[in-house]
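In: have a look; sequence and predicted model below, questions after that.
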Amino acid sequence: MTERPAMLKRAIEHYIKKLRSLKEDKEDKQVMIDSDIFTGDLEANATLAGKAYDNFKYEFEYREILCYALRVYVDDLEKSKEAVRRKLPDVKLRFENIDRELKIAWDAQGEICQGHGLNLSPQRIERTT
């Protein structure tokens with residue numbers, strides 16, 4: 001259980017970096033990145049995630065943010081593993097650390113997110129209440 005708090009903090013840090021990187025992404029033409037309103041919302045979400053990190057209260061007011069952070073973190077870990085496999089297709093790599101991190105994250109998602117008004121799916125998290 002001692003690995004879980006560290007993983008949760010890594011997930012939140014990753015989520016904050018991801019949100020802030022979207023503000024800087026001028027290449028994505030599907031989103032109005034140049035909009036002050038849009039970038040303001042991204043920064044507000046990153047700030048709120050930062051509060052979740054600083055206060056680390058996933059049981060109450062930050063549960064939803066933590067669930068989003070876990071979903072992004074898990075998706076990006078899985079995508080990273082797949083990217084490495086594509087670059088080295090003839091090599092059977094072991095991902096013991098990443099697989100352990102994924103298991104901790106999946107267990108955390110089950111406890112923190114499911115049954116609390118958040119429905120996790122492979123593609124997205126959506127509010128169920």
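Out: Everything's here; your move.
In: near Ala49, how many other residues are there?
Out: 25 (other CB atoms under 10 Å). To be clear about C-beta, it is placed using only N, CA and C from the backbone, and glycine gets the same treatment.
In: from Lys17, how far off is it?
Out: Distance, Ala49 to Lys17, by CB to CB, to the nearest Å: 10 Å.
In: how many neighbours does Leu102 have?
Out: With other CB under 10 Å as criterion, Leu102 counts 17.
In: name the nearest residue to it, ignoring sequence neighbours.
Out: Leu77 (5.7 Å; CB to CB, 6 or more residues apart in numbering).
In: which element is the one you found on?
Out: Using DSSP states H and E, Leu77 sits within helix 63-87.
In: what about His43, neighbour count?
Out: Quick fix: residue 43 reads Glu, not His. Look at Glu43: counted by other CB under 10 Å, it has 14 neighbours.
In: quick check: it is in a helix.
Out: Yes: the assignment for Glu43 by DSSP: H, G, I helix; E, B strand; the rest coil puts it in a helix.
In: my read: it touches Leu22, true?
Out: No: contact criterion CB atoms under 8 Å: Glu43 and Leu22 do not qualify, at 10.0 Å.
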